[in-house]
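A.B. asks: Got a predicted model here, sequence first, then my questions.
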Amino acid sequence: MGNNLQRPKGTQDILPDVAQQWQQVENTANSLFNQWGYGEIRTPNLEYTELFLRGVGETTDVVNKEMYRFEKSKRDYSLRPEGTAGVVRAFIENGLHRTPKPVRLWYTGPMFRYERPQAGRQRQFHQLGIEQFGIAGPSADTEVIALAWALLTTLGLPDLALEINDIGSAADREAFRNQLRNALTDHKTALCDTCQHRYTENPFRMLDCKNPSCQTIYSGQPIQALLAKPWTNADSQAHFATVTKALTELGIPWQRNHTLVRGLDYYNGPVFEITTTKLGAQNTVCGGGRYDSLVETLGGPETPGVGWALGLERLISLLPASAPVPPDVWVAIANTSLLTQGMQAATQLRNKGYTVDTDLSHKKIGKQIDAAAKRGIKHVVLVEPEREITVKTLTTSQQTPLTDFLNQPIAGR
RNA sequence: GCGAGUGUAGCCAAGUGGUUAAGGCCCCGGGUUGUGGUCUCGGUAUUCGUGGGUUCGAUUCCCAUCACUCGCCCCA
């Protein structure tokens, strides 16, 4: 196998049995979005790099070290690492901000991030997401979260938990980051290497460090006292309270996670993740939040927005494996000269609504029936020389002329 | 970028410092079953991820390398 061609690291071939699960998810999502008034938008996999620098944030890991970025004819391109920035760009570029509010959009497609693959993470992965523009009030957050919950529960996913947090404004966050740093100044040298790094780069992330000695520091008085009192502005708090109240009224269970922050710069106000215990280290199925300044950042008019994205690979890995569905009918054709008759029979059956596979082996009829029986197929059409075309039902051993079979009502499968 | 584990056919796998590398599934071909999931015969690895070393001899020992998996970071 040494020099055979191989798919690039972190990419996946999706074979028919798994593709079936993808279709199930896509179909469910498609009809649910339609019912909720969300229209599909398809944007390029390729964008000018500047979009992500401005949209997602130059200092974020996603943009900083994970983008597939290259130059062609002096233009700087990147494969999209996430979906929101492109949708917002399209929203502005196509003048959707001039259509009635709210503007409700959904998308799906591959995203690309140059990372070390592990369970639940690949370099080309697929997201399904929604974005809703134009409503500043908490109704927008509520609807968007409710839709995520509706989709995941409709798909029958087990052991879901909705975690939600209020991250306020950029100024709120900066102030709180400094409070955290101040509270930890004395302990800084006692922290693990990662947390020392987080201390400067991203203090929020220190709080869910897995290192026990770090945790004892964080669970101590000063930090807990800091977390206990709200640190976001009054408007954001009120907004958050309204959203969570509505979720409770809608029967959607949620829990506050004070350490939940998001790695993309554009979020403000309520942010949330839906996690599951069945996924390994990468346990977030769906994540999102509000981004009130992103449209403006990308050159559009001031327009609030809320959205989320879910990882399809992660979601699909939670679904039970689906057994391949055999066709209703198998057409056994004795030899090549009967091919067209066999195909015509297949067409008639398909027009009637049956799913039909045609055996092209031209082996002995017995072998062909054998093949059908092994596959769990119910009806076999026998196309043989100098005989009427008949349908043999394997469960009952009955044989019926094809013409009669076609007149029968289509049987349950 | 860092850490750990694994690497024998499409899949699951046994194996040993020494003539032709078990077995099962799948797949392919033949026979049998009156036109059926049975049974039966046969076929599918010049080779044990790749390269080098030790050795009279290596799939088995050593080194390197590559690939995959899991974890850290970060995220969906």
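C.D. replies: Yes, it's here. Residues are numbered from 1 along each chain as shown, chains lettered A, B, ... in the order given.

A.B. asks: List the contacts of the residue in the stretch 1-150 of chain A positioned nearest to RNA strand B.
C.D. replies: Using C-beta to the nearest atom of the strand, the closest approach of the stretch 1-150 of chain A to RNA strand B is made by residue A:119 at 3.2 Å. Placement of C-beta: from N, CA and C, glycine included. The contact partners of residue A:119, by C-beta atoms under 8 Å, 6 or more residues apart in numbering, come to A:279-282.

A.B. asks: can you check residue A:389 too?
C.D. replies: When contacts are counted by C-beta under 8 Å, 6+ apart, residue A:389 touches A:341, A:345, A:381-383, A:401-402.

A.B. asks: 6 Å - rerun?
C.D. replies: Counting by C-beta atoms under 6 Å, 6 or more residues apart in numbering, residue A:389 touches A:345, A:383, A:402.

A.B. asks: so how many other residues sit close to the closest residue in space to residue A:8 that isn't next to it in sequence?
C.D. replies: Excluding the flanking residues, the one nearest residue A:8 by C-beta to C-beta, 6 or more residues apart in numbering is residue A:123, at 7.1 Å. Neighbours of residue A:123 under the rule other C-beta atoms under 10 Å: 19.

A.B. asks: thought residue A:123 was touching residue A:7?
C.D. replies: No - look at residue A:123 against residue A:7 with C-beta atoms under 6 Å: they stay out of range, at 10.3 Å.

A.B. asks: what sits in contact with each of those two?
C.D. replies: Both residue A:123 and residue A:7 lack any common contact, where contact means C-beta under 6 Å, 6+ apart.

A.B. asks: mind listing the helices for the stretch 1-150 of chain A?
C.D. replies: Here the stretch 1-150 of chain A has its helices, by DSSP state H, counting those that start in this stretch, at A:16-35, A:49-52, A:61-65, A:84-93, A:138-154.

A.B. asks: So the nearest residue to residue A:204 once chain neighbours are set aside: helix, strand or coil?
C.D. replies: Using C-beta to C-beta, 6+ apart and skipping the chain neighbours, the partner closest in space to residue A:204 is residue A:261 (4.1 Å). Secondary structure, DSSP: H, G, I helix; E, B strand; the rest coil: residue A:261 is coil.

A.B. asks: contacting residues around the residue of the stretch 251-400 of chain A found nearest RNA strand B?
C.D. replies: Going by C-beta to the nearest atom of the strand, RNA strand B is nearest to residue A:263 of the stretch 251-400 of chain A, at 0.8 Å. Neighbouring residues of residue A:263 by C-beta under 6 Å, 6+ apart: residue A:60.

A.B. asks: Also residue A:297?
C.D. replies: By C-beta under 6 Å, 6+ apart, the neighbours of residue A:297 are residue A:54.

A.B. asks: Low-confidence bits of the stretch 1-150 of chain A, can you list those?
C.D. replies: A:1-4 (pLDDT under 70).

A.B. asks: Filter the contacts of residue A:119 down to the ones in strands?
C.D. replies: Among these, none falls in strands (DSSP state E).

A.B. asks: Just say which of the helices of the stretch 1-150 of chain A is most tucked in.
C.D. replies: Ranked by mean neighbour count, the helices of the stretch 1-150 of chain A are led by helix A:84-93 with a mean of 22 (mean count of other C-beta atoms under 10 Å).

A.B. asks: circling back: mark which of the contacts of residue A:119 are buried, thanks.
C.D. replies: residue A:279 (16 or more other C-beta atoms under 10 Å).

A.B. asks: wait, which of the contacts of residue A:119 is closest to residue A:113?
C.D. replies: residue A:282 (12.3 Å; C-beta to C-beta).

A.B. asks: Now do the phi/psi pair for the closest one.
C.D. replies: phi -90, psi 80 (degrees, to the nearest 10).

A.B. asks: mind listing the strands for the stretch 201-350 of chain A?
C.D. replies: Per DSSP state E, counting those that start in this stretch, the stretch 201-350 of chain A carries strands over the ranges A:255-256, A:268-276, A:284-290, A:305-311, A:329-333.

A.B. asks: want to throw the ones you listed into TSV with mean pLDDT?
C.D. replies: As requested, the strands of the stretch 201-350 of chain A are exported to TSV (pLDDT from 0 to 100):
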stretch	mean pLDDT
strand A:255-256	93
strand A:268-276	93
strand A:284-290	94
strand A:305-311	96
strand A:329-333	93
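
A.B. asks: Make CSV out of these and add mean neighbour count.
C.D. replies: Converted to CSV, these look like this (neighbours: other C-beta atoms under 10 Å):
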stretch, mean neighbour count
strand A:255-256, 11
strand A:268-276, 24
strand A:284-290, 24
strand A:305-311, 25
strand A:329-333, 26
